[in-house]
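*Asks:* build me a model from this:
(chains A and B)
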Amino acid sequence: MAGAAITVALLRITPAQAAEHAIGMLPGTNYDPEEHLYAYVIDITKCIGCGMCVQACSRENKVPDHFFRTWVERYTVSEQGEVIVDSPNGGKDGFKPITPGFKVAKSYFVPKLCNHCANTPCTQVCPVGASYNTPEGVVLVDPKRCIGCGYCVQACPFGSRFINPVTKTAEKCTWCYHRVTKGMKPACVEACPVGARMFGDLKNERDPIRKIVTEAHLAILQPEKLTKPRCYYLGFDKEIR
Amino acid sequence: MKHHRHLVRAGAALIGAALLFFVVRALVMPKSFGRFGHFRGDNIAEQAAIPAVHGAPEACAECHMEVAETKVAGKHASVPCQDCHGPLALHITEAGKEQMPMHRSFTLCARCHQQLAARPAAFPQIDLMEHLDVVGAGHDALTTNEAICFDCHRPHSPSPALAPGTKTKSR
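*Replies:* All right, here's what the predicted structure looks like:
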């Protein structure tokens, strides 16, 4: 009898039942995760490649040198369609002129970061439930649970994750979750001098991001992977991988 | 008759194993694991509680109204203060007020204005050496005077350019 009672009590904490709990306000705030759904838009036609976003990200999140939660790539394309991609130090110190050895037909900068995919392989492969999607559509890593096995680093088709050499746990862009839950924008968005990076809440009717996401012609990275990214690109081009 | 004792023993072992599984599981699993899904629920609040390093864009104007007004009225209106200086947390610390970095160097300007094929054509950009030759400072200035751009451009409102040597405060 007693054994059965204990078993029932222990069963109550199975994930399947508990997942129905509402999160509610985060402690000490009036922020309710269920009330938001975020999206990120990058306008390639505006980016000047100053790298202030990469610098701000590394300072905001104390990203170790030579690792990047966001980075900027420069595409240089010849008239014959040859493509050179460079990203010196992730673009953190800006870009210098290059001599590609061919006549340049076009060239542009492509800022990249975690796509916060709705259907992401990185959380699915985690053996310890350290990586997860929040209700706002943010993909996070719990550093206390992460065992640093690196499966997620390999599973991400966009190269957005790395193992932090100091903490030995997986790390990635959080869309500055600690800022957006306080009503600020991610550090990279606020650092951009030309408005090439936009972030907003699709559940907020007055947020300009809603109009862009619903009406503009947007592209996503590697659509064939079916990961459903939440980062969208304006002014996309066929060379971008 | 005595065969059914095997069943009882096996049954007891099974129930014992099941109990042991749940006891170990309850001990090993963090309390909030599974509350909102297959992860430790408390981590959401822990992530949100990390302090911000950069201030909100309006933060600087609280103390530097004059600079902020100059900037908003000029060509650098859209350039964030913390890009050129540094994050607010470097400046306002628990120990008190620390000096903000002042990058009085052409390398700061070059990050955004050095002419590059990849930059949108409409963005104002210059070949540094050529520009210095055109405006009369001479391209040697890049090696002799790191702060050469500030001879003519105020960082908070860079245009119109001033005559070189004009004595002004940086704003």
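*Asks:* tell me the SS of A:Y232?
*Replies:* strand (DSSP: H, G, I helix; E, B strand; the rest coil).
*Asks:* wait, it touches A:I44, no?
*Replies:* No. Assessed by Cβ atoms under 8 Å, A:Y232 is found out of contact with A:I44, at 11.0 Å. (Glycine included, C-beta is placed from N, CA and C.)
*Asks:* okay, these two: which has more neighbours?
*Replies:* Using other Cβ atoms under 10 Å in any protein chain shown as the criterion, A:Y232 and A:I44 rank with A:Y232 on top: 22 against 19.
*Asks:* the nearest residue to the more buried one once chain neighbours are set aside: neighbour count?
*Replies:* Using Cβ to Cβ, 6 or more residues apart in numbering or on different chains and skipping the chain neighbours, the partner closest in space to A:Y232 is A:L218 (4.0 Å). Using other Cβ under 10 Å, A:L218 has 17 other residues around it.
*Asks:* next, the contact list for A:L218, please.
*Replies:* Contact analysis of A:L218 by Cβ atoms under 8 Å, 6 or more residues apart in numbering or on different chains lists A:41, A:212, A:232-234, A:236.
*Asks:* whichever of those residues end up buried, select them in ChimeraX.
*Replies:* Here is the ChimeraX command that selects the buried residues among the contacts of A:L218 (16 or more other Cβ atoms under 10 Å in any protein chain shown):
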select /A:41,212,232,233,234,236
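*Asks:* can you put the contacts of A:L218 in CSV and add pLDDT and distance to B:M65?
*Replies:* Listed next are the contacts of A:L218 as CSV, based on pLDDT from 0 to 100; distance: Cβ to Cβ, whole Å:
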residue, pLDDT, distance to B:M65
A:V41, 98, 32
A:I212, 97, 33
A:Y232, 98, 37
A:Y233, 98, 38
A:L234, 98, 35
A:F236, 97, 41
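*Asks:* biggest separation within the contacts of A:L218, which pair?
*Replies:* Among the contacts of A:L218, the pair separated by the greatest distance (Cβ to Cβ) is A:I212 and A:F236, at 13.8 Å.
*Asks:* now the residue most central in space within chain B: phi and psi?
*Replies:* Nearest to the mean C-alpha position of chain B, by Cα atoms, centre = their mean, lies B:H54 at 6.0 Å. Backbone geometry at B:H54, expressed as degrees, to the nearest 10, gives phi -90, psi 140.
*Asks:* what's the closest non-adjacent residue to it?
*Replies:* Spatial nearest neighbour of B:H54, excluding adjacent residues (Cβ to Cβ, 6+ apart): B:P87 at 4.5 Å.
*Asks:* what's the neighbour count on that neighbour?
*Replies:* 19.
*Asks:* quick one: the helices in chain A, in order.
*Replies:* A:2-11, A:15-18, A:52-61, A:121-124, A:151-155, A:177-180, A:187-191, A:208-215 (DSSP state H).
*Asks:* can you lay out those as a markdown table showing distance to B:C63?
*Replies:* Shown next, in a markdown table, are the helices of chain A (distance: least, Cβ to Cβ, whole Å):
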| stretch | distance to B:C63 |
| --- | --- |
| helix A:2-11 | 56 |
| helix A:15-18 | 47 |
| helix A:52-61 | 20 |
| helix A:121-124 | 42 |
| helix A:151-155 | 42 |
| helix A:177-180 | 21 |
| helix A:187-191 | 18 |
| helix A:208-215 | 29 |
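*Asks:* just say which of those is most tucked in.
*Replies:* Most buried of those by mean neighbour count (mean count of other Cβ atoms under 10 Å in any protein chain shown) is helix A:187-191; its value is a mean of 26.
*Asks:* for the record, mean pLDDT for that helix?
*Replies:* For helix A:187-191, mean pLDDT is 98.
*Asks:* can it be said to contact chain B?
*Replies:* Yes. Judged by Cβ under 8 Å from any Cβ of the partner chain, helix A:187-191 comes into contact with chain B at A:187, A:190-191.
*Asks:* check the closest residue to chain A within chain B and give its pLDDT.
*Replies:* Of all residues in chain B, B:G34 sits closest to chain A, at 3.2 Å by Cβ to the nearest Cβ. Note for B:G34: predicted pLDDT of 87.
*Asks:* same thing with A:Y177?
*Replies:* 98.
*Asks:* who's in contact with it?
*Replies:* Taking Cβ under 8 Å, 6+ apart, one finds A:134, A:138, A:140, B:47-48, B:50 in contact with A:Y177.
*Asks:* do the longest helix along chain B and chain A meet at all?
*Replies:* The longest helix of chain B (DSSP H) is helix B:4-28. Yes. Using Cβ under 8 Å from any Cβ, we find that helix B:4-28 touches chain A at B:15, B:18-19, B:22-23, B:25-26.
*Asks:* of the residues you listed - the most surrounded one?
*Replies:* B:F22 leads the residues of helix B:4-28 next to chain A on contacts (other Cβ under 10 Å) with 17 neighbours.
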